[in-house]
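Enquirer: Just a sequence and a predicted model for now, questions to come.
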Amino acid sequence: MSKKIIIKNLESLKASGIVSPLKSDSLKEVANRFSVSITPTIVNSIKSSSSGAVFSQYVPSIDELSVKEDELRDPIGDDPYTPIKGITHRYPDRVLFKPIHTCAVYCRFCFRRDKVGRADQALNSEETKAALEYIRKCKGVWEVILSGGDPLVMSPNKLAEIFSELEKISHVKVIRIHTRVPLVAPEKINKQLLQSLKTDKALFVVIHCNSHEEINNDVSDSLKRISDSGVPLLSQSVLLRNVNADPVLLEKLFRTLIENRVKPYYLHHADKAEGTSHFRTSIQDGRECMEKLRGNVSGICLPQYVLDIPGGKGKVPIGPVYLNDYEEGYQVKDWQGCEHIYKD
C-alpha cells in the first residue's frame, strides 16, 4: 500500500479489510457526524495487534451516536478562551496556536471532534498573520503550543514559515508541538521536516500515545530521528476503557515510551466529549491504576494523572493522595500501602 494513501471514508475502511461491508453500512451516520481518517501504519497496527487497543482508538463505532446529558461539544472550554481565530489563551504565560484542524488520523475520543477535519477551521494566510500578531503583542506569552489538528501534517515549508516568525518574537522562549504523526505516519518524520523545526528557542515534541501496541519498529525509528535531532520528547496519554485502563497495560505503555526516550508527561482523564462515554472510566479507577504503578516502575515512567475541568478552568492533578494532615504533623502512605507519621 502506498504510504501516501490515507483512509478518509468508510468505503476505504471497508476496502482495507478491517471493517466488514455490513458494519461499514451501519457506521455511515457516525462518519457523517465525526471525521474519519486512518493511515496505512494504523491499518497494519490493527492487523498485527493482539488486542483491540489500536482498533477502538481509530475505527468508528455505533456507540459514538449515544450522547449523554453531561457530554459537551466543547468539553474543555476552548471557545470562551479564543480571543482570535487559531489562538486559545487559557493560561497567562502560554497560548495554543492552532493553524490547522486537519489530522492524519481522527481519534474516536477526541475532545475537539466537533472541529477537527473541517476545512473552515484552518487558518488562511491573513488569519495566520493575525494569530502571530496576537502572540507578538502579548508580552506575557512565554510558551507557544502548536496544536490543532496536528501541526505536523502541514508541509515543511509552512512549518518553517511559522517557526521563522516565532523566532522573531523575543518574549517567546519555548515552543511545544502536540502531534500523533510520529506514531501514525512515521515516514513523514524526515530530514526536510526536522530541518523546518530548527530554532534557537527551547523546542519540545509531545506525542499522543495510548498503547504500547502503537509503537512498532517504524515508529521507534521516527522517534529516534526526532531525539537524535536534539529535540526532547514527551508524551500525553488518555485513560481509556478497553485500551489502557489497567495497571499492567499502563506499565507496558510507559516503559515502552521511556525505552524510546519519550518521557510520559500527562495521563488525561477522558474528557466528556459527545459520544465518548464508552471510553471513560471513573476517576477512582484511574487513581487505583496510578497507585499500583508507584514503586513498581521507575519514577521517570510516571506521568501526572490530570483532569481538564469542563468550562475551560484548566488541568488539575487528580492522582492518589499520599499525605494527609495528622495532629501536629502528617500521615504519609508509602508505595506499599503502609502508613507513617511525619512531623515538620
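Expert: Structure's in. What do you need? Everything numeric in this text was worked out from a predicted model, so none of it was measured. Numbers count the residues shown, from 1 in each chain.

Enquirer: Number of residues surrounding K315?
Expert: K315 is flanked by 16 other residues according to other Cβ atoms under 10 Å. Backbone N, C-alpha and C define where each C-beta goes, glycine included.

Enquirer: Quick check: it touching D308?
Expert: Yes: using Cβ atoms under 8 Å, K315 is in contact with D308, at 5.1 Å.

Enquirer: With only the CA atoms kept, save the helix or strand harbouring A131 in PDB.
Expert: A131 belongs to helix 125-137 when elements are defined using DSSP states H and E. The C-alpha trace of helix 125-137 is given here as PDB (Å, rounded to 0.1, in the frame of the first residue of the first chain):
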ATOM      1  CA  SER A 125      -2.500  33.500   5.400                       C
ATOM      2  CA  GLU A 126      -4.200  36.600   6.800                       C
ATOM      3  CA  GLU A 127      -5.600  34.700   9.800                       C
ATOM      4  CA  THR A 128      -2.200  33.200  10.400                       C
ATOM      5  CA  LYS A 129      -0.600  36.700  10.400                       C
ATOM      6  CA  ALA A 130      -3.300  37.900  12.800                       C
ATOM      7  CA  ALA A 131      -2.700  35.000  15.200                       C
ATOM      8  CA  LEU A 132       1.100  35.600  15.200                       C
ATOM      9  CA  GLU A 133       0.500  39.300  15.800                       C
ATOM     10  CA  TYR A 134      -1.600  38.400  18.800                       C
ATOM     11  CA  ILE A 135       1.300  36.400  20.200                       C
ATOM     12  CA  ARG A 136       3.700  39.300  19.400                       C
ATOM     13  CA  LYS A 137       1.500  41.800  21.300                       C
END
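
Enquirer: who's in contact with that helix?
Expert: Contact partners of helix 125-137, identified using Cβ atoms under 8 Å, 6 or more residues apart in numbering, comprise 83-87, 95, 97, 99, 123, 141, 144, 162, 165-166, 169, 172.

Enquirer: Going by neighbour count, list what's buried in it.
Expert: T128, A131, L132, Y134, I135, R136 (16 or more other Cβ atoms under 10 Å).

Enquirer: Okay, the second one and G86: tell me how far apart.
Expert: The reference is to A131. As judged by Cβ to Cβ, to the nearest Å, A131 and G86 stand 4 Å apart.

Enquirer: List the residues that are in contact with both of those two.
Expert: Here A131 and G86 have F97, P99, L123 as joint contacts, going by Cβ under 8 Å, 6+ apart.

Enquirer: Excluding sequence neighbours, find me the nearest residue to R118.
Expert: Spatially, and ignoring its direct neighbours in sequence, R118 is nearest to H101 (5.9 Å; Cβ to Cβ, 6 or more residues apart in numbering).

Enquirer: Give the helix, strand or coil label for that neighbour.
Expert: Secondary structure state of H101, per DSSP: H, G, I helix; E, B strand; the rest coil, is coil.

Enquirer: Low-confidence stretches in the stretch 201-344 of the chain?
Expert: Along the stretch 201-344 of the chain, no part satisfies pLDDT under 70.

Enquirer: Show me what the mean pLDDT comes to for the helix holding A131.
Expert: Helix 125-137 shows a mean pLDDT of 97.

Enquirer: Mind listing the strands the next helix or strand after it pairs with, and their directions?
Expert: Downstream of helix 125-137, the first helix or strand assigned by DSSP H and E is strand 143-146. Within its sheet, and counting by DSSP bridges, strand 143-146 is paired with strand 94-97 (parallel), strand 174-179 (parallel).

Enquirer: chain center to the very next helix or strand once past strand 143-146: distance?
Expert: On the C-terminal side of strand 143-146, the nearest following helix or strand under DSSP H and E is helix 156-167. How far helix 156-167 lies from its chain's middle: 22 Å, per Cα atoms, centre = their mean, to the nearest Å.

Enquirer: can you state the direction angle for helix 156-167 and strand 174-179?
Expert: Here the directions of helix 156-167 and strand 174-179 differ by 150 degrees (axes from the mean of the first three to the mean of the last three Cα atoms, to 10 degrees).
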